[in-house]
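**Student:** sequence and predicted structure are below.
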Amino acid sequence: MNAIPVKGTPPNARAEQCLGRMASLCELAPTMFNGRDENDVLKLAASWIASLGSSLTAVGYLAHDGELRRGGTSALEPEDHAMDAGVRALGGQDTALDLPGFGWARALALRNRSSCLGYLVVRSPTAPADDDTHLVTLLARQTAAALDHVQECEGERERVRQLRLINNGVTAVNACLRSAVAELQRRMVIHEALSRVSVSGEGEPGIVHLLHELTGFPTRAEDRFGNLRAWAGPQGSARPTGLAPARRTAVLRRAERERGPVRDRDLLVGVVRSRGEVLGVLVLADPQHQAGETETFALDQAGTVLARELSHVRSLADAELRMQCDLVEDLVTGTDEQSAFARSEAVGHDLHGAHHVVVVRWTGPWGSGTVTAAVGRAAAAGRHDVLLGRRSGAAVLIVRGPAVGDAFYEDVAKELGSADGVIAVGGQCDAPSDFSHSYQEALRALEIRQNSQDPRGLIAFDRLGLYRVLRTSDHDAHTEQFVREWLGPLIDYDQVHHGDLVATLTAYLENSSYDSTAATLAIHRSTLRYRLRRIREISGLDITDIEVRLNLHVAARIWNVITRPPL
């Protein structure tokens, strides 16, 4: 290419100068392509143009989002609205510009293969030499290539960043999947282990011990009243504590709302329910609050398995109880011996040998079914061989061997959480034909105890003494005449004046001393003396006479039995 001579410069010198500038332009290329951003590329281009002399300056524009904006050092220069508007109107073409204050100006489009990346506007007060113009054009092409390279590098870096984000996301997803698979495997192990124990016949204790092994936490099972049924923990450890009675109702209600295990302070509590009925509670002791989703799942699954176990046990117990109830009903109302022996053998009870009929009635909110179930548990705890039934709102037992004692009453009271009940024991039965009579004796004893001053506890017909010959609910005219003969004036006085003379006389005859009688009636000694004086005045009897005291005592006891309604 022939260099165009520069005015005032010798031809050889101008050629050397042109070759030097070409070499400088070539040296600039690696710098432009060496990891620069777009503004750095425009700065290099403007700086190189300024190095040409001839008062040449350059303003760079970059295309972003469809708009041309100044770039490089040009972005820091004062705005030139005329030039900016003129460049934006070019449409990607190289063209001369008419700019005020410049004799020569040209806009060089910075293009790649498909679009315009920006403009390089070169200005000078006078027209530059042709070789300078040619060099500027070459620079513009080199600048466009550098900008295209920058964009490709930025695109590659963005793709690398996106790939890195995708890889990180895939890694995170894989980690989540691995965690989910591991958790699923743990849950499958828990489910399979609980399924095996549910069919192994180990029952409630087996489920509780397995839950302890699966979670590592001390575990206890309670019935719906809060009584301990089974527990498991580290060797040598104490029994884990259960729900506090004051908080129990609130925790069970919260568990019902949330439909799963709930935390109560240091305990993780799962309610065992079947068809909406609470059968019991499983409790994990977790004072450090370390139990997580796996332990909560194990507790929930154990509750489901235990609910099936308890429902199955209850179904079997209900079926056996129905058979026993039918048998007990027939035995206490009268049945033939051959049928009695065969049916008792079918339910696993040996009806041969000595037996006693026992009637249990409890005061409170419980139905006869609840009382009967509590009686059955107490009988099992005391190792009594019994047939269990229900009749007339009371639990009825036929007990083989010795009669039950006070310990049995205490066991039933513990099961129900209340001592407000009576257990009555009939006389001994040596054959099935005796059960009906023993049952009537138990009812007689039950009625007498309920109408006594202490209507709670265990009473045996054989120990009734005088009461064994008294008729109660079906008392006859002779009995009433006897009572009226000795207590009539006092009874009439109490009915008219709403007094307590008969009760006072009864307490005095039972206690035989002023102090104990006053304490029993919760009155002062002077009040007691006044009432006894009124009793002598109204009855006209000397209560210090032994014969009079005996008849008054018998009449008072009969009156006490025939007038008080059952509790």
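**Tutor:** Sure, I can see it.

**Student:** buried residues in stretch 147-163?
**Tutor:** L147, D148, H149, V150 (16 or more other CB atoms under 10 Å). The C-beta positions use only the backbone N, C-alpha and C, and glycine is treated the same way.

**Student:** hmm, I was thinking of stretch 369-387
**Tutor:** Buried residues in stretch 369-387, counted by 16+ other CB under 10 Å: 370-379, 382, 384, 386-387.

**Student:** ok now that stretch, how far from the chain's centre?
**Tutor:** Mean C-alpha position of stretch 369-387 versus that of the full chain (CA atoms, centre = their mean, to the nearest Å) differs by 32 Å.

**Student:** same question, stretch 487-500
**Tutor:** On CA atoms, centre = their mean, the centre of stretch 487-500 falls 62 Å from that of its chain.

**Student:** contacting residues around that stretch?
**Tutor:** Applying CB atoms under 8 Å, 6 or more residues apart in numbering, the external contacts of stretch 487-500 come out as 483-484, 501-502, 505, 521, 531, 535, 538-540, 552, 555-556, 559.

**Student:** repeat the analysis, applying 7 Å as the threshold.
**Tutor:** With CB atoms under 7 Å, 6 or more residues apart in numbering as the test, stretch 487-500 has contacts from L501, V502, L505, I535, I538, S539, A555, A556, W559.

**Student:** the fifth one: how many residues sit nearby?
**Tutor:** The number of residues packed near I538 is 15, by other CB atoms under 10 Å.

**Student:** tell me the secondary structure at it.
**Tutor:** Three-state call for I538 (DSSP: H, G, I helix; E, B strand; the rest coil): helix.

**Student:** check it and give its pLDDT.
**Tutor:** The score at I538 is 91. That number is its pLDDT.

**Student:** check the third one too.
**Tutor:** Reported pLDDT at L505 in the predicted model: 90.

**Student:** and if you look at the last one?
**Tutor:** As predicted, W559 sits at a pLDDT of 82.

**Student:** now do the contacts for it.
**Tutor:** W559 neighbours (CB under 7 Å, 6+ apart): V483, L487, V502.

**Student:** got it, and the second one?
**Tutor:** Contact analysis of V502 by CB under 7 Å, 6+ apart lists L487, L490, I491, D494, A556, W559.

**Student:** is it in a helix, a strand, or coil?
**Tutor:** Counting by three-state DSSP, the backbone at V502 sits in helix.

**Student:** how far away is it from L62?
**Tutor:** Taking CB to CB, to the nearest Å as the measure, V502 falls 117 Å from L62.

**Student:** for the residue nearest to G203 when sequence neighbours are not counted, give me its contacts.
**Tutor:** Counting by CB to CB, 6 or more residues apart in numbering, E309 is the residue found nearest to G203 once chain neighbours are left out, at 6.3 Å. Going by CB under 7 Å, 6+ apart, E309 touches S198, G203, E204, I207.

**Student:** so which of those wins on neighbours?
**Tutor:** In terms of neighbours by other CB under 10 Å, those top out with I207 at 27 neighbours.

**Student:** tell me which element that one is part of?
**Tutor:** Element membership of I207 [criterion: DSSP states H and E] is helix 203-215.

**Student:** I'd like the average pLDDT over that helix.
**Tutor:** For helix 203-215, mean pLDDT rounds to 88.

**Student:** and that helix, what does it pack onto?
**Tutor:** Applying 3 or more CB pairs under 7 Å, 6 or more residues apart in numbering; DSSP states H and E, one finds that helix 203-215 contacts helix 130-199, strand 219-223, strand 228-232, helix 293-333.

**Student:** list the helices and strands the first one packs on?
**Tutor:** So that's helix 130-199. helix 11-33, helix 38-50, strand 104-111, strand 116-124, helix 203-215, helix 293-333.

**Student:** can you point out the buried residues in the helix or strand following the longest one?
**Tutor:** So that's helix 293-333. Helices and strands here follow DSSP H and E; after helix 293-333, the next one along the chain is helix 337-346. By 16+ other CB under 10 Å, the buried positions in helix 337-346 come out as A340, R343, S344.

**Student:** circling back: can you tell which of the helices and strands packed on helix 203-215 is closest to A85?
**Tutor:** Nearest to A85 among the helices and strands packed on helix 203-215 is helix 130-199 (20.9 Å), distances taken as CB to CB.

**Student:** ok now the closest one, how far from the chain's centre?
**Tutor:** On CA atoms, centre = their mean, the centre of helix 130-199 falls 41 Å from the chain's centre.

**Student:** same thing with stretch 338-346?
**Tutor:** 48 Å.

**Student:** same check on stretch 32-44?
**Tutor:** With CA atoms, centre = their mean as the basis, stretch 32-44 stands 64 Å off its chain's centre.

**Student:** keeping just the C-alphas, turn that stretch into CSV.
**Tutor:** This file holds the C-alpha atoms of stretch 32-44, laid out as CSV (Å, rounded to 0.1, in the frame of the first residue of the first chain):
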residue,chain,number,x,y,z
MET,A,32,-7.3,-4.8,23.4
PHE,A,33,-8.0,-8.6,23.3
ASN,A,34,-6.3,-9.4,26.6
GLY,A,35,-9.4,-9.7,28.9
ARG,A,36,-10.5,-6.1,28.7
ASP,A,37,-14.0,-4.9,29.1
GLU,A,38,-15.8,-2.7,26.6
ASN,A,39,-14.9,0.6,28.3
ASP,A,40,-11.2,-0.3,28.4
VAL,A,41,-11.3,-1.2,24.7
LEU,A,42,-12.8,2.3,23.9
LYS,A,43,-10.3,4.0,26.2
LEU,A,44,-7.4,2.3,24.4
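
**Student:** who touches that stretch?
**Tutor:** Residues external to stretch 32-44 that are found in contact with it (CB under 7 Å, 6+ apart): 28, 31, 60, 62, 71-74, 142-143, 146-147, 149-150.

**Student:** give the rounded mean pLDDT of that stretch.
**Tutor:** For stretch 32-44, mean pLDDT is 84.

**Student:** could you list the buried residues of it?
**Tutor:** By neighbour count on 16+ other CB under 10 Å, the buried set for stretch 32-44 is M32, R36, E38, N39, D40, V41, L42, K43, L44.

**Student:** show me the shaky parts of the stretch 1-150 of the chain.
**Tutor:** Residues of the stretch 1-150 of the chain that meet the criterion pLDDT under 70 lie in 1-11, 35, 54.

**Student:** one more time with 80, if that's ok
**Tutor:** Where the stretch 1-150 of the chain drops to pLDDT under 80, the residues are 1-15, 35-36, 53-54, 73-80, 82, 101.

**Student:** what of the stretch 301-450 of the chain?
**Tutor:** Residues of the stretch 301-450 of the chain that meet the cut-off, pLDDT under 80, sit at 313-322, 324, 365-369.

**Student:** on that earlier part again, show me the contact partners of the helix holding I207.
**Tutor:** Contact with helix 203-215 is made by 190, 193-194, 197, 200, 218-219, 221, 229-233, 282, 284, 295, 298-299, 302, 305-306, 309, as judged by CB under 7 Å, 6+ apart.

**Student:** can we see that at 8 Å?
**Tutor:** By CB under 8 Å, 6+ apart, the residues outside helix 203-215 that reach it are 190, 193-194, 197-198, 200, 202, 218-221, 229-233, 282, 284, 291, 294-295, 298-299, 302, 305-306, 309-310, 313.

**Student:** list the buried residues in that helix.
**Tutor:** Within helix 203-215, the residues scored as buried using 16+ other CB under 10 Å are G203, E204, G206, I207, V208, H209, L210, L211, H212, L214, T215.

**Student:** which parts of the stretch 401-550 of the chain are strands?
**Tutor:** Assigned by DSSP state E, counting those that start in this stretch, the strands in the stretch 401-550 of the chain fall at 421-429, 457-460.

**Student:** sorry, back to before: which of the buried residues of stretch 369-387 fall within strands?
**Tutor:** Here DSSP state E is the test, and the buried residues of stretch 369-387 give V386, L387 as lying in strands.

**Student:** who's in contact with H349?
**Tutor:** Counting by CB under 8 Å, 6+ apart, H349 touches Q324, D385, V386, L387, R400.
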